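What follows is a predicted structure for the sequence shown.
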Amino acid sequence: MKVGILGCGAIANIITNFAAEGKLGVDLNFFYDRDIERAENLASQVDGTVLLSIEDMLDKVDLVIEAASPQAVREVVPTVIGAGVDMIVMSVGALLDNELRERLDKLAKENNAKIYAPSGAIVGIDGIKAASIGKIQSASLVTRKPPRSLGISTDEEKILYEGKAGDAVLKFPMNINVAATLSLACGMEVDVKIIADPAVDRNMHEVHVIGEFGEFKTITENLRCSMNPKTSVLAAYSAIKLLKSLNETIHIGT
Ligand SMILES: NC(=O)C1=CN([C@@H]2O[C@H](COP(=O)(O)OP(=O)(O)OC[C@H]3O[C@@H](n4cnc5c(N)ncnc54)[C@H](O)[C@@H]3O)[C@@H](O)[C@H]2O)C=CC1
Ligand SMILES: O=C([O-])CC(=O)C(=O)O
């Protein structure tokens, strides 16, 4: 499988490191970022090629990994899917926009393409998907990050947001994509609380789901990417695992 990356920041950096060590299981060769130096830096690690636009990638790859921003999803994903090229989307928040998601779903069907949203920085997506087969009564996410990860400075714990996932991803587009993934997995907008907490040095996510199946709680304490403290290492690992699973014959988990 030939793969390209859109957005050469923290997540792309981890994925490319795996490719450079021969541990990705696919050919990662093409790099695009609006900051060309970032694309050049990653391309040099795997003897890859820097492209000057995403359109230039479309006849060269089977799959594009988006690791850029929700805005990039809106601008670029329709073009990629329209060309029949599969996508892994990290900026899942954009997919909570019903109009965009329905347009992409139609384009994907017409062009025989697939859109994958990895579980990202969160634990429990497998369970919530299974739970959604029955009725889900409530689903909530509490995200606690060091203030620096949320772009603020404070000595005290501060609740920055309390509300539904749809609004959260618009207010914190680079920090709470996990809320969108959870919402899409369970088929309803989850309740979200975002806390800046100077007492923690990890990105933490607590998920609580109650439904006809019973109840579950998960807690994730994520190490942060050295290149971008907003982003957890697990998010990059989940994209790598998803990529590997596309070539597996035995699929474990929902
Ligand atoms: N699904 C999940 O669980 C998670 C999702 N994310 C999301 O994944 C995305 C990537 O995260 P990071 O690698 O940490 O971000 P980053 O900020 O480290 O890197 C993003 C790169 O994309 C480039 N970029 C942004 N918009 C672009 C555009 N329109 N066209 C071309 N290049 C563009 C930037 O120049 C930058 O180099 C972000 O949207 C982030 O919010 C991050 C963590 C978890
Ligand atoms: O990486 C994380 O912990 C979560 C995150 O930034 C996101 O969901 O956008």
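Thanks, I have it. Ligands and ions are numbered 1, 2, ... in the order given.

ok, for residue 150, nearest residue in space, not its chain neighbours?
residue 196 (4.8 Å; CB to CB, 6 or more residues apart in numbering). Yep, even glycine has a C-beta here, placed from its N, CA and C like the rest.

give me phi/psi at residue 175?
Here is the backbone geometry of residue 175 (degrees, to the nearest 10): phi -130, psi -10.

got the residues of the stretch 51-200 of the chain near ligand 1?
Neighbours of ligand 1 within the stretch 51-200 of the chain, by CB under 6 Å from any ligand atom: 67-72, 75, 90-92, 120-121, 174, 177-178, 181.

circling back: dump the residue contacts of the residue nearest to residue 150.
145, 146, 147, 150, 152, 154, 157, 158, 160 (CB atoms under 8 Å, 6 or more residues apart in numbering).

and the gap between it and ligand 2?
Going from residue 196 to ligand 2 by CB to the nearest ligand atom, to the nearest Å gives 13 Å.

For that residue, list each beta-bridge partner.
Judged by DSSP bridges, the bridge partners of residue 196 are residue 145, residue 158.

contacting residues for residue 40?
Contact analysis of residue 40 by CB under 8 Å, 6+ apart lists 31, 50.

hang on, it is in a helix, isn't it?
Yes - under the criterion used here (DSSP: H, G, I helix; E, B strand; the rest coil), residue 40 sits inside a helix.

is it true that residue 50 touches residue 35?
No - the criterion here is CB atoms under 8 Å, and residue 50 misses it with residue 35 at 11.0 Å.

What's the per-residue pLDDT of residue 32 here?
According to the prediction, residue 32 has pLDDT 98.

For it, give the beta-bridge partners.
Here residue 32 shows beta-bridge partners residue 6, assigned using DSSP bridges.

how far away is it from ligand 1?
Counting by CB to the nearest ligand atom - residue 32 and ligand 1 are separated by 6 Å.

and that residue, how many neighbours?
If you count neighbours by other CB atoms under 10 Å, residue 32 ends up with 26.

so who does it touch?
Contact analysis of residue 32 by CB under 8 Å, 6+ apart lists 4-8, 39, 50-54, 56-57.

Residue 59 too?
Contacts of residue 59 were listed using CB under 8 Å, 6+ apart, and they are residue 83.

do residue 251 as well
Counting by CB under 8 Å, 6+ apart, residue 251 touches residue 245.

where does it land in three-state SS?
Using three-state DSSP, the structure places residue 251 in coil.

on that earlier part again, looking at the residues of the stretch 51-200 of the chain next to ligand 1, which one is closest to ligand 1?
residue 120 (2.0 Å; CB to the nearest ligand atom).

Can you tell me how far that closest one is from ligand 2?
In terms of CB to the nearest ligand atom, residue 120 sits 6 Å off from ligand 2.

Mark which of the contacts of residue 32 are buried, thanks.
Neighbour-count burial within the contacts of residue 32 applies to 4, 5, 6, 7, 8, 39, 50, 51, 54, 57; the criterion is 16 or more other CB atoms under 10 Å.
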